[in-house]
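Chemist: What follows is a predicted structure for the sequence shown.
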Amino acid sequence: MGILDFFKKKNSLALNSKMFGGGDGSTEQNAVIINASSSLVGIPAEYEFIQSKYGAKGRDW
């Protein structure tokens, strides 16, 4: 574990298999399904999933 690992966010939604289902998001047929009770939970989960797959917006893409 590096020194910067200490500052990383814990309990990431993107690692929570109960939050995300379906496919890998590569096509409409393989859409990612976000199992959220409301948009207040679902929209941040969308952003976290995208960041976990493609990196941080403005830095990695």
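Modeler: Yep, it's here.
Chemist: what's the offset of stretch 29-37 from the middle of its chain?
Modeler: The chain centre lies 11 Å from the centre of stretch 29-37; the measure is CA atoms, centre = their mean, to the nearest Å.
Chemist: F20 touches E48, doesn't it?
Modeler: No - using CB atoms under 8 Å, F20 makes no contact with E48, being 9.5 Å away. In short, each C-beta sits where N, CA and C put it, glycine included.
Chemist: mind showing which ranges of the chain have poor pLDDT?
Modeler: Scanning the chain for pLDDT under 70 picks out 1-16.
Chemist: rerun that using 90 as the cut-off
Modeler: Counting by pLDDT under 90, the chain has low-confidence residues at 1-19, 24, 48-49, 52-54, 56-57, 60-61.
Chemist: would you list every one of the strands in it?
Modeler: 20-22, 32-34 (DSSP state E).
Chemist: Could I get the contacting residues of I50?
Modeler: Counting by CB atoms under 8 Å, 6 or more residues apart in numbering, I50 touches K57.
Chemist: Begin at 9, not 1, for the rest of this chat.
Modeler: Okay, residue one is now 9; in that scheme the one you just asked about reads as I58.
Chemist: residue nearest the centroid of this protein?
Modeler: For the chain, the residue nearest the mean C-alpha position is F57 (1.8 Å; CA atoms, centre = their mean).
Chemist: Next, find the distance separating T35 from A44.
Modeler: Per CB to CB, to the nearest Å, T35 is found 22 Å from A44.
Chemist: can you check F57 too?
Modeler: Distance from F57 to A44, by CB to CB: 11 Å.
Chemist: close enough to count as contact, the residue nearest to the centre of the chain and F28?
Modeler: Yes - with contact defined as CB under 8 Å, F57 counts as touching F28 (6.2 Å).
Chemist: Could you report the neighbour count for N38?
Modeler: N38 has 10 neighbours, counted by other CB atoms under 10 Å.
Chemist: This completes my enquiry, with thanks.
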